[in-house]
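In: Just need the structure, nothing else, for what follows:
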Amino acid sequence: MLGSIPLRICFLWHQHQPDYRTPEGFYLPWVRLHATKDYRDLASILRKHTVKHTINIVPSMLQQLDAYSTGTTDELQRLCTIAAAELTGDQKQHLAHWATTVQRDTMVSPLPRYNELFDELLGHSLSNLDEQAWRDVQVLVNLAWTGPETRRKNALCAELLLQGRNYNEEQKHALLQLHLDVMSDVVPSLISYEATGRCELSVTPYHHPILPLIIDSRVAAENMPHADLPNPPYQAVYHAKRHVARAIADWTARSGHAPAGMWPAEGSLSMAALDVMAEHGVAWTATDEDVLLHSLGPQWHQSEKFFPHVVATEHGEITVLFRDHALSDAIGFEYARWNPEHAADDFIRRLEERRRIIVAHHGEEALRNAVVSIILDGENCWEFYQNNGEDFLDALMNRCSDKARFESVTCSEAAASDGKRSLQHLSAGSWINGTFDIWIGSHVKNLAWRLLGEAKVALEGAGGSQDEVAQALETLEASDWFWWYDDRHQAPNKPDFDVNFRRHLLAIFEKCGVEPTVDLLRPLQEVCMTSELIRIPVVFGTAAMHRSTALVRDVSIESHEDWQRITVQLERRPLELEEVVLQIQGQDGFERACLISHDEFLWRSPHHDEGFEWLPSNAAVLYVHHHKLWTIKIMEERSEQGQISTLVHLSTP
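Out: All right, here's what the predicted structure looks like:
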């Protein structure tokens, strides 16, 4: 039986994309695509309900929306602007790539013509598609990235959905213009939503940096005591302050008032980061419950995360909210494949469990001050939900609107409550495992930090002022560069981040007249490999026919200190019904496995920090701990000849 005091709940949705700007335009289209599918639509869906929310935005993402409005374009946008009859073979290949970089079950299948074309776009028969088919592709990939709220309310979208196929150039250009119109309405829509009193807007430091590491990278040792960290450390306190100040100023200029709170990039906090925020008038911030666990040590109890904690800094007090890890991740990663009503029921069941925990340990009156904080990415998860998550969100918000059971609050309201705990020291960490090991501590990530520090020294040596140095480096201080240097993260466009990180650095060194300490024309992963390359051709049996039709050409290995890079070079990507399976075993006796097919890559390792990467040159790259001897079993499944297999032994000095 529920008591008379409702459980307080607090939702924060974080909207972020990296800065994709280059002199030629955006090298990835995700700001535009998520703006037209998620940013405005999410606010529109949520404001239909009485539940309160906090939406967090990143200023550098908003700056990219501004850039679209002044004519900057992305590759997919440019490919779709070209008349279908004028597309070259190379342009069709690129368009096919973007058109198949979409969740098929949730975004393609609801559009029958798109689903019909999808297999041909994945295969090697692009020449079979006629002019009309390519025009349909140009329309449908953009329609798939148009949110359900926008589709429902827009006459053009209704026309396109009803027609289904055989679109003309005028319809295509009208849809591309609709994308621009939606992007230009994102900020006004958020401001309008905030004006209802049921939404609060907060910001992240300007370019989404891991703020504690920008202040002093040595802070990572607090919860990573055995990690190998960059030497010399990266230290740029002034830059950290500038990220915070610029974020506040940007939203103040757009909305007419300063934000009260700040979600730090990746929930990354430290005592020094809290001090910087407090210095700039930030009233509240938030991070993950694991950070509180590390902070409290033996005093930790699971119910502590339900209470805001006040931390005293040199520049004043700041309130910290702590994210309920399991509840937040349930929305982000679990519920996408569930029936929306069942998922909403399960979420409510979990909320009631938390209510019982609070009452059991602190008494029912504690419910007046406790709050369950649900904090997650507000964009990337929805492409895995049917109908872009709208059905689930409607079901969940209908249940959370029950005022007898729940009281929804914004983050500012949660932070302003009485009964806050006092926290003497906040342990440095992020919302991933309560540490910073995603962004620092490996050989390639440490090299990236070292190069960032060398660029800072070069700029200072060239006579740059504090503001000039900070401005030149602010894009490079963003978290995403280091995120993609982590071997655990894989995506088709991962190499683009390395290319552009090195490009930014090279421009700085050239401007300063300083020779970089490494060859910035080579990928940093490659730079880190110091041994000579050992390459072994792959032979399947003795028959020449196996070599002529085999997919795998050779295997090579390079070493650097405790790490090795094994590269399996393929002649081409497998076709449908073809696959390559790699079983890799070192002297530790543990097996790693990799599957490569025409539409997916699967990687398994007993070590969480070993990783896999697929390169556009048709190479599978494995980053593994160092062993003197590796045995690799290579199995190829070929439609015309069944399975062939062979063993390769790699030995290193």
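In: all contacts plus neighbour counts: C-alpha atoms, from now on.
Out: Noted.
In: Okay, buried residues for the longest helix anywhere in the chain please.
Out: Ordering each helix of the chain by length in residues (DSSP state H) puts helix 340-362 first. Within helix 340-362, the residues scored as buried using 16 or more other Cα atoms under 10 Å are 340-341, 343-344, 347-348, 351-352, 354-356, 358.
In: for the stretch 1-150 of the chain, what spans make up the strands?
Out: 7-15, 21-22, 25-26, 53-57 (DSSP state E, counting those that start in this stretch).
In: And the pLDDT at His124?
Out: For His124, the model assigns a pLDDT of 64.
In: So for the closest residue to Glu379 other than its chain neighbours, what's the pLDDT?
Out: Leaving aside its sequence neighbours, Glu379 sits nearest to Asp38 (Cα to Cα, 6 or more residues apart in numbering; 5.7 Å). pLDDT recorded at Asp38 is 97.
In: Give the phi and psi angles for Pro212, as a check.
Out: Note on Pro212: backbone dihedrals following degrees, to the nearest 10 are phi -60, psi -40.
In: For it, give its distance to Pro264.
Out: Remark: distance between Pro212 and Pro264 (Cα to Cα, to the nearest Å) = 10 Å.
In: With Phe436 instead?
Out: Counting by Cα to Cα, the gap from Phe436 to Pro264 is 13 Å.
In: So for those two, which sits in the more crowded spot?
Out: Between Phe436 and Pro264, Pro264 has the larger neighbour count (other Cα atoms under 10 Å), namely 29 against 26.
In: Contacts only, for that one.
Out: Applying Cα atoms under 8 Å, 6 or more residues apart in numbering to Pro264 gives the contacts 204-205, 208, 210-211, 285-287.
In: gap between it and Ser217?
Out: Going from Pro264 to Ser217 by Cα to Cα gives 16 Å.
In: same thing with Lys511?
Out: Going from Lys511 to Ser217 by Cα to Cα gives 26 Å.
In: And the two? Which one has more around it.
Out: Shown here are Lys511 and Ser217; by other Cα under 10 Å, Ser217 has more neighbours (23 against 12).
In: tell me the contacts of that one?
Out: Counting by Cα under 8 Å, 6+ apart, Ser217 makes contact with 229-230, 233-235.
In: Let me see the confidence value for it.
Out: Listed pLDDT for Ser217 reads 98.
In: try Cys528
Out: You'll see Cys528 listed with a pLDDT of 82.
In: Ser548 too?
Out: 53.
In: correct me, but Pro574 touches Leu595?
Out: No: in terms of Cα atoms under 8 Å, Pro574 does not count as a neighbour of Leu595; the distance is 10.8 Å.
In: Overlap of the contact sets of these two?
Out: Here Pro574 and Leu595 have Val580 as joint contacts, going by Cα under 8 Å, 6+ apart.
In: out of those two, which sits in the more crowded spot?
Out: Taking neighbours as other Cα under 10 Å, Pro574 and Leu595 compare with Pro574 leading, 20 against 17.
In: List the contacts of that one.
Out: Listed by Cα under 8 Å, 6+ apart, the contact partners of Pro574 are 551, 580, 596-598.
In: what do you get if the cut-off is 7 Å, keeping everything else the same?
Out: 597-598 (Cα atoms under 7 Å, 6 or more residues apart in numbering).
In: any idea how far it lies from Asp599?
Out: Remark: distance between Pro574 and Asp599 (Cα to Cα) = 9 Å.
In: try Ser125
Out: For Ser125, the distance to Asp599 - Cα to Cα - is 15 Å.
In: cool, and Asn142?
Out: According to Cα to Cα, Asn142 stands 21 Å off from Asp599.
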